[in-house]
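J.: Provided below are the primary sequence and the corresponding predicted coordinates.
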Amino acid sequence: MKTSEATGLRGTLPPDHALRQRLNDEVHARPPERIVAPARVKFLALIADARQRQAAWAMIAAAAARQGAPAPEANAYHYSADFGDYRIKAEFHTEFLRLKIIASGYGRGGAADPFLESPGEGADIAWLADLPGETICAIHAAVISVRAWPPSPDAFAHWIAPRDGLVGATISGGAGAAFTDLRIRDDGFERLLILDRGLSPGQVGRNLQRLVEMDTYRMLALLAFPIARRRMADLTTIEQELAGATSALVSAKEDQEPALLERLTDLAARMENLQSGSQFRFAAAASYYELVERRIDELREERIEGLQTFREFVERRLAPAMRTCRAVTDREETLSARISRATELLSTRVELSSQRQSHALLDSMDRRAQLQLRLQETVEGLSIAAITYYIVSLVGKAAEGLQVEGVRIEPALAMGVAIPVVAALVALGVWNIRRSVAKAFGKH
C-alpha cells in the first residue's frame, strides 16, 4: 500500500489534539501590516457588542464585494485585503472592533502636509460612518522617511501641536521616532507621526500597531475611572451605615438583634450589587493598563530633549486613574469583608439567643410534663378509689341478694373483706395499662 512521504513522516507521531492546528495558527493570525514610507493610515476602534460586530462584518463584506476584493469569512475574527488604492484590515476583540485603512504616498498634500488627505478619502469609504458601535479611538497616522537625525520636533510640530504639547521619542533603538499630542481634533481624529530613519517595513507596521494599541487600551482602561469616582461616594455612605450598625451591635438588646441583622443583610446586598456592577470593568481596566505598559516597553523609546516620552505621559495621566480604580476595588473588598464579619457576629448572637429561648422553652415544657405526671398519678389514685368503691358496692348488692335467698352472709362483712382485694386488683390493672402505653411510645 503506497503512502506519501508526509504521511510516512506523520506516522512517527501520535494523533494530533483536535485543537492543535487551530491553536498554532492563532499566533500567526494577526500579523502587523508591512508598511513602506511614505504612507498614511486611518485607524478606528469601536466599542461594539457581538450583534454589532456581526453587522460591521457584513458591511465590510459588502464593501469588499464592491471593490472586487475577497470577502471575509463569516466566523473569522480578522480580515485583510487590498481595496485598490488602499488596504483594509479589520479585527474582532472581546468588546471592540478594530479597523485600519492603509494607503501609500503622502496624498494630495504631498510632503508638505501628509495629514491633508486621509487614506481612502472619498465616497468609497463613506460606509465607515455607518458602522455600528461607538468610537473609542480614532487616529490619522502618517509615516515619512527622514535623513536628518536626530529629529527636530520643531520641524513637525505644526502638523500636530505646539512643541510643549507634543509627546514623542525615538523608537526601535533610534531607527525611527514617533510624535503625537493625543488630542481629538474637530474631525474626531488624533494625529500620529512616525519618522522612518532605517526601519524595515515590518518594524514600521509593528511600531504603528504598538502605538495605536497603546492609545486604544489607554482609552479602554479609562472607562473604569468614572465608575470608580461614582463608587467612592457610594462606598462612603455604606461605610457610615456600617459604622452605625456595628456601634449599635455593641449595646443591642436581644429583642433589637433581628432588626439589626436585617440592616446588615441590606448592606451586604447593596455591597454585592455594587461589586457585581463594576467588577468586570475594573478587572478589564487592570488588564488594559498592563497592555499599555507592555506596548510602551516594546517601543524601546529614548528621550528627545524637551518632550514628554510616551511612558512619562502614561505615568502622569493614566497611572493615577488606575491607582484610583485599584483603591476602589480594594475598598470594596475590604468593606464587603467587614460587612460579612459583622453579619456573622450578629448571626451568632441571634443563634445564641435563640438557643437560650429554646432551652427556656424546654425547661418550661419539662416542668409542665412533671406537673402533668403528678396530676396523672393523682387522677390514677382517685380512679382506683372510685372503681374500688363501685365494685365493692356491687359486692354488697350481691351479698344482699344472696341473703334474701336464704344464704347466711352479712353484706357489710362481705364488702369489708372485698375492699382490699378489689383495690389491689384495680391497682394492678391500672399499672398494666400504664406499662403497655409506655412501651407503645418506646419507653422502658
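T.: Looks like it arrived, so ask away. None of the values given here were measured: they were computed from a predicted structure. Residues are numbered from 1 along each chain as shown.
J.: per-residue pLDDT, Ala62?
T.: Note for Ala62: predicted pLDDT of 88.
J.: With Arg10 instead?
T.: Per the predicted model, pLDDT is 58 at Arg10.
J.: Arg281 too?
T.: pLDDT, read off for Arg281, is 91.
J.: In the stretch 251-400 of the chain, where is pLDDT below threshold?
T.: The stretch 251-400 of the chain contains residues with pLDDT under 70 at 252, 254-255, 349-357, 373, 377, 380.
J.: go again using 80 as the cut-off
T.: Judged by pLDDT under 80, the stretch 251-400 of the chain has its weakly predicted residues at 251-260, 344-386, 388-390, 392, 395-400.
J.: How far off centre is the helix or strand that contains Ala342?
T.: Using DSSP states H and E, Ala342 maps to helix 310-404. Mean-position distance between helix 310-404 and its chain equals 39 Å (CA atoms, centre = their mean, to the nearest Å).
J.: what's the answer for stretch 419-428, then?
T.: Distance, stretch centre to chain centre, for stretch 419-428: 82 Å (CA atoms, centre = their mean).
J.: what's next to that stretch, contact-wise?
T.: Ile384, Ala385, Ile387, Thr388, Ile391, Val392, Val395 (CB atoms under 8 Å, 6 or more residues apart in numbering). All C-beta spots, glycine's among them, are computed from the backbone N, C-alpha and C.
J.: rewinding a little: what's downstream of the helix holding Ala342, the next helix or strand?
T.: According to DSSP H and E, the helix or strand after helix 310-404 is helix 411-440.
J.: can you list the domain ranges for the protein.
T.: Listed by automatic domain parsing, the domain ranges of the chain are 30-202, 224-360, 374-440.
J.: if we can go back for a sec, mark which of the contacts of stretch 419-428 are buried, thanks.
T.: Taking 16 or more other CB atoms under 10 Å as the criterion, what is buried in the contacts of stretch 419-428 is Ile384, Ile387, Thr388, Ile391, Val392, Val395.
J.: Distance to Arg229 added to these, as CSV?
T.: Output for those, formatted as CSV (distance: CB to CB, whole Å):
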residue, distance to Arg229
Ile384, 87
Ile387, 90
Thr388, 93
Ile391, 96
Val392, 99
Val395, 102
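J.: quick one: which of those residues is nearest Arg218?
T.: Nearest to Arg218 among the buried ones among the contacts of stretch 419-428: Ile384, at 98.6 Å, using CB to CB.
J.: so that closest one touches Val430, yeah?
T.: Yes - when contacts are counted by CB atoms under 8 Å, Ile384 is listed as touching Val430 (6.1 Å).
J.: Okay, angle between the helix holding Ala342 and helix 411-440 too, please.
T.: If you take axes from the mean of the first three to the mean of the last three CA atoms, to 10 degrees, helix 310-404 sits at 160 degrees to helix 411-440.
J.: For this structure, just list every one of the helices.
T.: 5-10, 20-26, 50-67, 157-160, 201-222, 224-251, 257-299, 310-404, 411-440 (DSSP state H).
J.: Need the residues that contact the fourth one.
T.: Going back to what we said before, that points to helix 157-160. The contact list for helix 157-160 (CB under 8 Å, 6+ apart) reads Asp113, Pro114, Phe115, Ala142, Arg163, Leu166, Phe179, Thr180, Asp181, Arg191, Leu193.
J.: Return the mean pLDDT over the strand ranked longest in the chain, rounded to an integer.
T.: Ranked by residue count under DSSP state E, the longest strand found in the chain is strand 134-145. Strand 134-145 comes out with an average pLDDT of 93.
J.: Paired strands for that strand, with orientation please.
T.: strand 39-47 (antiparallel), strand 190-196 (parallel) (DSSP bridges).
J.: rewinding a little: winner for burial among the domains of the chain?
T.: Mean neighbours per residue, mean count of other CB atoms under 10 Å, is largest over the domains of the chain for domain 30-202, with a mean of 17.
J.: shaky segments in the stretch 101-250 of the chain?
T.: Applying pLDDT under 80 to the stretch 101-250 of the chain flags the ranges 120-125, 161-164, 247-250.
J.: Please report the distance of the spatially closest residue to Arg270 that is not a sequence neighbour from Glu272.
T.: Once flanking residues are discounted, Arg270 sits nearest to Ile238: 6.3 Å by CB to CB, 6 or more residues apart in numbering. Counting by CB to CB, to the nearest Å, the gap from Ile238 to Glu272 is 11 Å.
J.: before we move on, the earlier item: can you put the domains of the chain in TSV and add distance to Pro14?
T.: Formatted as TSV, the domains of the chain follow (distance: least, CB to CB, whole Å):
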stretch	distance to Pro14
domain 30-202	29
domain 224-360	36
domain 374-440	72
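J.: Compare those and give me the one nearest Tyr217.
T.: Nearest of those (CB to CB): domain 224-360, 4.3 Å.
J.: so how far is the closest one from its chain's centroid?
T.: For domain 224-360, the distance to the chain centre is 13 Å (CA atoms, centre = their mean).
J.: repeat for stretch 81-91
T.: Distance, centroid of stretch 81-91 to centroid of chain: 37 Å (CA atoms, centre = their mean).
J.: Over to stretch 96-115?
T.: The chain centre lies 40 Å from the centre of stretch 96-115; the measure is CA atoms, centre = their mean.
J.: ok, now stretch 216-224?
T.: Counting by CA atoms, centre = their mean, stretch 216-224 comes out at 18 Å from the chain centroid.
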